[in-house]
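*Asks:* sequence and predicted structure are below.
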Amino acid sequence: MTSPVNPPPRLLMGPGPINADPRVLRAMSAQLVGQYDPWMTDTMTETMGLYRDVFRTTNEQTFVVDGTSRAGIEAALVSLVEPGDRVLVPVFGRFGHLLVEIAERCGAEVHTIEVPWGEVFDPSAVEEAVVATRPKVLAVVQGDTSTTMCQPLEDLGEICRRHDVLLYCDATASLGGNPFETDLWGLDVVTAGLQKCLGGPSGSAPITLSPRAATVIDGRKHVEAGIRSDDDDDEDAAGVRIASNYLDLAQVMDYWGPRRLNHHTEATTMLYGARECARLLVEEGLDAAVERHARHGLAMLEGVRGLGLAVFGDVAHKMHNVVAVEIPAGVDGDAARSALLTDFGIEIGTSFGPLHGKVWRIGTMGHNARKDAVLVTLAALEQVLRAGGVPLTAGGGVGAAQEVYSS
Ligand SMILES: *Cc1c(COP(=O)(O)O)cnc(C)c1O
């Protein structure tokens, strides 16, 4: 007989996923109710309200897309972008390339600007590119886990308003652990996921849409045959039909809204998880959660430096919740990660593209942005490095982190 699922105990200190908060897992073991049960629709409405607080917005259109973060990205882009539209993507890591790839699949004419991995853009460089390319959408990542950089967004909304551009942001890696202001920064569409600073499993993508983004998307609404009513727009009147049915935000907005248009069957268990992630953040307070990520992220940063390791990239623009550590000369990065996993049950991250084999990525996010998780990881890393022949001061990592905690 195949045995029941029984995963090994692991401490997930990579760039995500992380261990889910036990309270989120408990919420996800609750029984299902029917799709249009009043309790269910109330729970959906409550979840919308909680995510308004998380995104710091008053946007009516705030809900979750069923699927991992990438489903949120695709939903946003496929619903906004019509074939032939221009999209500008500032690329500063792997997830910028993903926005390019998805926008291209939507039929967009994609323009990019790039900085080397480990850097972020100056807003003036973004504005120059906006002026040069006149895009319909500027699509940008806030925190790119591939490089650990956090792109400042506070000026981009104003630039986009001035040039009549819609601003989309992928905040999957950063939301909940770094300052984020949908309304104050003038963002039109933001998407996220649960498995980073929100402390849940992957599988649900919170999203918020400004009224002007919602209007653009609503202009492309073609309600499915079989559920269409006389009030729905004449098929010929609406804009180009959105190329995906599942990720059609024009219909999904009506599914979450008072009309309760029949679309997909809500992923009820993920909804419970997403609701609990947001509830826990709101209960803690968004500012307190960001402060917690800043504190434990700093302890990890000083800890790896205390082990004599160099940190990759522009540290002044690093996300709070992940650090890229240069693998010391002579150490086999994958062998060291594997020793951490098998001997200590701790997972840290490898890297992609130009950074592969050069840096490890160590996260302190969500439920794992905690003192014990930071100190245990640093203590284990010291042992693995020593076994790899790296000369070290005993306790240098834990000691440096402890100094952050006692200051
Ligand atoms: C981790 C991450 C994702 C993850 O997407 P999934 O579909 O949930 O795997 C997307 N965007 C960014 C910026 C990320 O850091």
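*Replies:* Yep, that arrived.
*Asks:* check contacts around the residue nearest to residue 308 when sequence neighbours are not counted.
*Replies:* In this structure, residue 308 finds its nearest non-sequential neighbour in residue 392, 6.3 Å apart by CB to CB, 6 or more residues apart in numbering. All C-beta atoms are positioned from the backbone trio N, CA, C, and that covers glycine. Applying CB atoms under 8 Å, 6 or more residues apart in numbering to residue 392 gives the contacts 307, 308, 382, 385, 386.
*Asks:* again, only using 10 Å
*Replies:* 306, 307, 308, 309, 328, 381, 382, 383, 385, 386 (CB atoms under 10 Å, 6 or more residues apart in numbering).
*Asks:* of the residues you listed, just the buried ones, PyMOL syntax please.
*Replies:* Buried residues within the contacts of residue 392, by 16 or more other CB atoms under 10 Å, are selected in PyMOL with:
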select buried, resi 306+307+309+328+381+382+385
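*Asks:* residue 241 reaches residue 217, doesn't it?
*Replies:* No. Using CB atoms under 10 Å, residue 241 is not in contact with residue 217, being 11.8 Å away.
*Asks:* those two: who's more crowded?
*Replies:* The residue with more neighbours, out of residue 241 and residue 217, is residue 217; 26 against 14, by other CB atoms under 10 Å.
*Asks:* that one belongs to a helix?
*Replies:* Yes. Counting by DSSP: H, G, I helix; E, B strand; the rest coil, one finds residue 217 located in a helix.
*Asks:* show me the domain layout of this protein.
*Replies:* As given by automatic domain parsing, the domain ranges for the chain are 21-282, 286-406.
*Asks:* overlap of the contact sets of residue 241 and residue 217?
*Replies:* Contacts common to residue 241 and residue 217, judged by CB under 10 Å, 6+ apart, are 248, 250.
*Asks:* please flag which of the contacts of residue 392 sit within helices.
*Replies:* 306, 381, 382, 383, 385, 386 (DSSP state H).
*Asks:* coming back round to it: any idea how far the residue nearest to residue 308 is from residue 325?
*Replies:* Remark: distance between residue 392 and residue 325 (CB to CB, to the nearest Å) = 14 Å.
*Asks:* what residues are shared contacts of these two?
*Replies:* By CB under 10 Å, 6+ apart, residue 392 and residue 325 have these common neighbours: 307, 309, 381.
*Asks:* wait, the second one sits on residue 388?
*Replies:* No. Using CB under 10 Å, residue 309 makes no contact with residue 388, being 12.0 Å away.
*Asks:* quick one: common contacting residues for the two?
*Replies:* Listed as contacting both residue 309 and residue 388 by CB under 10 Å, 6+ apart are 327, 328, 331.
*Asks:* ok, the residues you listed vs residue 33, which is closest?
*Replies:* residue 327 (49.6 Å; CB to CB).
*Asks:* for the closest residue to the ligand within the stretch 251-400 of the chain, phi and psi?
*Replies:* Residue nearest to the ligand within the stretch 251-400 of the chain: residue 322 (8.8 Å; CB to the nearest ligand atom). Dihedral pair for residue 322: phi -150, psi 140, per degrees, to the nearest 10.
*Asks:* and for it, the neighbour number?
*Replies:* Residues near residue 322, counting by other CB under 10 Å, number 32.
*Asks:* now do the one 3 residues further on
*Replies:* Residue 325 has 25 neighbours, counted by other CB under 10 Å.
*Asks:* now whichever strand or helix holds residue 125: average pLDDT?
*Replies:* Using DSSP states H and E, residue 125 maps to helix 123-133. In this model, helix 123-133 carries a mean pLDDT of 98.
*Asks:* gap between the two ends of stretch 127-144?
*Replies:* One end of stretch 127-144 sits 20 Å from the other (CA to CA, to the nearest Å).
*Asks:* and that stretch, is it in reach of the ligand?
*Replies:* Yes. Judged by CB under 6 Å from any ligand atom, stretch 127-144 comes into contact with the ligand at 141, 144.
*Asks:* now that stretch: buried residues?
*Replies:* Neighbour-count burial for stretch 127-144 [16+ other CB under 10 Å]: 127, 129-130, 133, 135-144.
*Asks:* how about the residues of the stretch 51-200 of the chain by the ligand?
*Replies:* By CB under 6 Å from any ligand atom, the residues of the stretch 51-200 of the chain that approach the ligand are 68, 69, 70, 95, 141, 144, 145, 170, 172, 173, 193, 196.
*Asks:* give me the secondary structure label for the third one.
*Replies:* Following three-state DSSP, the label given to residue 70 is helix.
*Asks:* that one: how many residues sit nearby?
*Replies:* Neighbours of residue 70 (other CB under 10 Å): 18.
*Asks:* how much space separates it from residue 299?
*Replies:* Applying CB to CB to residue 70 and residue 299 gives a distance of 31 Å.
*Asks:* now residue 104
*Replies:* Going from residue 104 to residue 299 by CB to CB gives 41 Å.
*Asks:* noted, bye for now.
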